[in-house]
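A.B. asks: From the sequence below, what's the structure:
(2 chains)
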Amino acid sequence: MRYIRRYYGAGPLHLLSLLACLAFAGYVVTLVHQAREWQLILLWFGGAIIGHDIVAFPLYALADRSAGLLGALRHPDSLPPVPWINHIRVPAVISGLLLAISFPLVLDLAGPSYHGATGLSVAPFAGRYLLIVAVLFGTSAVLYALRVRSAVRRQAIPSPSSRPDGTDT
Amino acid sequence: MTEDQQETPRDLDEIRPQRSALDCSSAGAEGAGPGVRGLLRSKRGREELWSVVYAKAVAPIGPFRPSVWRSPIRGPWLTSVFGAILLVGIPVEFVTGLVSYAAYDPRLGHNNPTPHTGILNFYLFNWVSAPQWLFHVTEGIHVGLGLVLVPVLLAKLWSVIPKLFSWPPVTSIANALERLSLVLIVGGAVFQFVTGIMNIDYYYSFGFSFYEGHFLGAWLFMAGFAVHVGLKFPTMVRSLRSRSLRAELRTGLADTKSEPLDASGLVASDPASATMSRRGAIALVGGSSVAILALTAGQTLGGPFRQAALLAPRGRTYGDGPNDFQINITAGTAGIRAADTGASWRLALSGATETELARSDLLAMDTLDAAMPIACVEGWATVQRWTGVRLTDLARLVGVDHPTGAYVESLEKNGAYATVTLAGNQVRADHAMLALRVNGVDISLDHGYPARIMVPAAPGVHATKWVKSIRFYGQR
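C.D. replies: Sure, this is the predicted structure:
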């Protein structure tokens, strides 16, 4: 047991389960190899990891950090500062996720096959999506305005319990 | 120890203070300081110098530095919350997915859309024909739950991404094998969800057969999933217990602090101040899932909900008429010529004997009226009222009193589902029919005029349209 832990780095159950998993995966890869266009299947599988970890994640992490840099957005000094970052983040995240599940229709990538199957055109989807995004950001803007207003109100009524800054998402 | 000489400890037991010849405070160093020449003279000095040079050369840069990861809410607890949701959701996806393959009765005739399954088809069973909504429900769950889990999956990947950049990249053989298995679970998850979404949205640019890729990809994914759950389940339980969910749901932004540093490698060593509380993050993920559900569920539920499914491919309306419901493959796409479906069309029946029927002959027969769903593997469904001739009545016409199966051919020439082999229980099912009318009128050309198969609980592609012949198997 000690030797396995020392040279392998974990217990025997770890080794056995991983060997079983990898051997089984190898078996499935031999089945993939018999499939038509097997190279594309493996390419897309590998591309899936790279696509998320090395492309998509850095992009949205960078977008999130850049939003933070928009600290240049200044409130007029007459208004109390109310945290705004989540008012951009939340609609942006929801918009991104909605696009992720409908992008072939919204971006017109599936036009001919959609029409062949349904008899309809993909054209309305782009407009629907943009309208939904507008509603998301619009609602966020209204909520932000309401928060600023209530912060102004609290400031105008001095009391020990009033706090000028919003404290939560 | 200088910062450059720090390494990610492989094991908490291995964090030990190191005595170094380079450490100017160590007792016994000659003179005011070692100097490079002094180091080169002694063996120990050379070793120490080499370890400094080596450490500098292999020091983490960019995202491999732990200090790059600054979110204060990242940590084992949040990861475990998302993990626990996936722990329930992913097996449901796997099981409903396996069921959807079984529903094709792939062992019959040429029904199999996925030829190379090796032993992975061990679980196949004769698909049932009751309840008639079964495939509608299992496939609706498969696609619907899959879409709803997208935010949770991405949140889970976000919460563990620092581990992709752990340094050193491999600390032991065990670590290397485990990282290899993560290729299966991460690659598999993204592959399954991406191919699934592309398929339901009619975008086939991946180039391989969706059925083969998605089926085999599922097994690769689940191999990684099984090992990951097996290895991490105790950690997940421990992490979930480390803080109370109720307390976190009451914790606002001002009180949000990072979790204690531990060996998990998830907690930020240099956290930024919180801009979103944990409950905010959970609410964002949950809210996104609810939004997705609201904007797609209507395509499965149908009826008054369909038009609410604004971003679902089958949330559209065709109009108010009796034939205005979801079409799958138009007559044009299937290459059906109006001439072939006109007055000269005959249904060729064979069994013990053979015969041909015109449409008027079929309409003159005893017909059956039933509300039945067309449920597609893409997750959508539509329920309409169908009128047609029972398949058992047609079988009897050609001398087969107890059918054990049927082979149906369509006028469609090149489609993958231009033919289907139906099982005995499907042919003998209560509402199994050759449908001629829908909602009181003749079915339209796009819906399969002059006649289509309707079999309860079958996947939509087995509701063969533009039927030209049926051969019945069985005894008198």
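A.B. asks: Please make it C-alpha for all contacts and neighbour counts, starting now.
C.D. replies: Noted.
A.B. asks: Can you name the residue of chain A nearest chain B?
C.D. replies: Nearest residue of chain A to chain B: residue A:117, at 3.9 Å (C-alpha to the nearest C-alpha).
A.B. asks: give me every residue that touches that residue.
C.D. replies: Residues near residue A:117 by C-alpha atoms under 8 Å, 6 or more residues apart in numbering or on different chains: B:327-330, B:333.
A.B. asks: Only the buried residues of stretch B:388-408, if you could.
C.D. replies: For stretch B:388-408, burial by neighbour count (16 or more other C-alpha atoms under 10 Å in any protein chain shown) applies to B:388-408.
A.B. asks: Quickly check: the helix ranked longest in chain A near chain B or not.
C.D. replies: Longest helix in chain A by number of residues (criterion: DSSP state H): helix A:123-156. Yes - using C-alpha under 8 Å from any C-alpha of the partner chain, helix A:123-156 comes into contact with chain B via A:125, A:128-129.
A.B. asks: Buried ones among those residues?
C.D. replies: By 16+ other C-alpha under 10 Å, the residues of helix A:123-156 next to chain B give A:125, A:129 as buried.
A.B. asks: Looking at the residues of helix A:123-156 next to chain B, which is nearest residue B:449?
C.D. replies: residue A:125 (29.9 Å; C-alpha to C-alpha).
A.B. asks: any idea which helix or strand carries the residue of chain A closest to chain B?
C.D. replies: Assigned by DSSP states H and E, residue A:117 belongs to helix A:111-118.
A.B. asks: Make JSON lines from the contacts of residue A:117 and add secondary structure to it.
C.D. replies: Output for the contacts of residue A:117, formatted as JSON lines (DSSP: H, G, I helix; E, B strand; the rest coil):
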{"residue": "B:327", "secondary structure": "coil"}
{"residue": "B:328", "secondary structure": "coil"}
{"residue": "B:329", "secondary structure": "coil"}
{"residue": "B:330", "secondary structure": "coil"}
{"residue": "B:333", "secondary structure": "helix"}
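A.B. asks: out of those, which are buried?
C.D. replies: B:327-330, B:333.
A.B. asks: Which entries in these are shared with the contacts of chain A?
C.D. replies: B:327-330, B:333.
A.B. asks: Would you mind putting the residues you listed into JSON lines with pLDDT alongside?
C.D. replies: Listed next are those as JSON lines, based on pLDDT from 0 to 100:
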{"residue": "B:327", "pLDDT": "97"}
{"residue": "B:328", "pLDDT": "93"}
{"residue": "B:329", "pLDDT": "94"}
{"residue": "B:330", "pLDDT": "95"}
{"residue": "B:333", "pLDDT": "94"}
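A.B. asks: Just the closest of those to chain A, please.
C.D. replies: The nearest member of those to chain A, counting by C-alpha to the nearest C-alpha, is residue B:329 at 3.9 Å.
A.B. asks: was I right about residue B:93 contacting residue B:147?
C.D. replies: No - using C-alpha atoms under 8 Å, residue B:93 is not in contact with residue B:147, being 10.6 Å away.
A.B. asks: In chain A, what residue spans correspond to helices?
C.D. replies: A:2-7, A:12-34, A:38-49, A:57-69, A:85-106, A:111-118, A:123-156.
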